[in-house]
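In: turn this into a model:
(one chain, ligands or ions: 1)
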Amino acid sequence: MNKVLAKKQLGPEVFQLEIEAPRIQKRWKAGQFVIIRPNSNSERIPLTLVQSDADRESITIVIQAIGNTTKETVEKEPGDFLVDVVGPLGEAASMCEGQRVVCMAGGVGVAEVLPVASAFREAGNHVTALCGARSDGLRILDAELKTSVDDLRWATDDGSFGFHGNVLQLLQSFAQPGDFGVGHVIGPIPMMKAVANATRDWGMKMYASLNPVMIDGTGMCGGCRVTVGDKVKFACVDGPEFDAHLVDFDELARRNRAYREMEQRVLADHVCRIGLGGA
Ligand code: FES
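Out: Modelled structure (predicted):
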């Protein structure tokens, strides 16, 4: 059982939870994740580790409440408990030093890119962060990013803040092949695929942090299988980060879609049971 120490709402559907987890706090590295179960009858969900606090022996995760289990999680209040928090899982993000690095994120992926961008900077790189949101009011973690990178730029779909467009268009608006030696991207699959395709001939390494369906998080169930180059990998133990230029994003999208109907059925049932299902 892990106690919720603090909760903060970052956006209409996005919440930050600080959770007591002394052993994870001591060992985690940027890019790793935890698998949580808010209640004993909940499914397991993977969530990126965003921050930690050694004095409070805590970790921080960011959750977008869009499914049944994520909604159950954000219903927790300080003093409540999560029944399981397992981690740190996965491999740490690939690091380098003395490079110009671009970190790109869309939506709630901005939370994952924060520790990775900070780690790149601590390792001695010049870090540019390109972050996307649908509109100004949906931007998250702006203050934290400002103090963690050298150059922070925002793109919004409606142009209400920063560049009018998406993060790939923002990159293409000011950068040329050769400007960056290393990149890291996280966000919706079409966005990561577009970034991979656009930078394939830029002579840079581009890493993508993938978000496949995960079940056990230990490499046993096969749920998170992805194809990278000609190799089958499991995102929970071999990733979640892989060479973006080698990932089969179409297969990843197909596999994630396979569970959508079931997820919607479970969510509809949850909404019905808590009395929001209409008459
Ligand atoms: S989540 Fe089961 S193999 Fe990765």
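In: residue of the stretch 1-150 of the chain closest to the ligand, please.
Out: As assessed by CB to the nearest ligand atom, the ligand sits closest to Pro46 within the stretch 1-150 of the chain, at 7.8 Å. Every residue, glycine included, has its C-beta placed from N, CA and C.
In: how far is stretch 179-189 from where the chain is centred?
Out: 13 Å (CA atoms, centre = their mean, to the nearest Å).
In: mind listing what's buried in that stretch?
Out: For stretch 179-189, a neighbour-count test (16 or more other CB atoms under 10 Å) marks Phe180, Gly181, Val182, Gly183, His184, Val185, Ile186, Gly187, Pro188, Ile189 as buried.
In: need the residues you listed in CSV with pLDDT, distance to Ile59 and secondary structure, can you?
Out: Converted to CSV, the buried residues of stretch 179-189 look like this (pLDDT from 0 to 100; distance: CB to CB, whole Å; DSSP: H, G, I helix; E, B strand; the rest coil):
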residue, pLDDT, distance to Ile59, secondary structure
Phe180, 97, 30, coil
Gly181, 97, 31, coil
Val182, 98, 26, strand
Gly183, 97, 26, strand
His184, 97, 21, strand
Val185, 97, 24, strand
Ile186, 95, 18, strand
Gly187, 92, 22, coil
Pro188, 91, 25, coil
Ile189, 92, 26, helix
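In: would you mind listing what in the stretch 151-279 of the chain touches the ligand?
Out: Met214, Ile215, Asp216, Gly217, Gly219, Met220, Cys221, Gly222, Gly223, Cys224, Phe234, Cys236 (CB under 6 Å from any ligand atom).
In: please convert the residues you listed to CSV, extending it with pLDDT and distance to Arg37.
Out: Formatted as CSV, those follow (pLDDT from 0 to 100; distance: CB to CB, whole Å):
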residue, pLDDT, distance to Arg37
Met214, 83, 12
Ile215, 83, 12
Asp216, 80, 12
Gly217, 83, 11
Gly219, 86, 19
Met220, 86, 17
Cys221, 85, 15
Gly222, 87, 20
Gly223, 86, 16
Cys224, 89, 17
Phe234, 93, 20
Cys236, 91, 15
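In: among those residues, which ones are buried?
Out: Here, 16+ other CB under 10 Å leaves Met214, Gly217, Gly223, Cys224, Phe234, Cys236 buried among these.
In: the closest residue in space to Gly165 that isn't next to it in sequence and Phe163: what is the separation?
Out: Using CB to CB, 6 or more residues apart in numbering and skipping the chain neighbours, the partner closest in space to Gly165 is Ala155 (5.5 Å). Ala155 sits at a distance of 4 Å from Phe163 (criterion: CB to CB, to the nearest Å).
In: just Arg255 next, same as before
Out: For Arg255 relative to Phe163 (CB to CB), the value is 32 Å.
In: and stretch 180-193, how far out from the chain's middle?
Out: The answer for stretch 180-193 is 11 Å, by CA atoms, centre = their mean.
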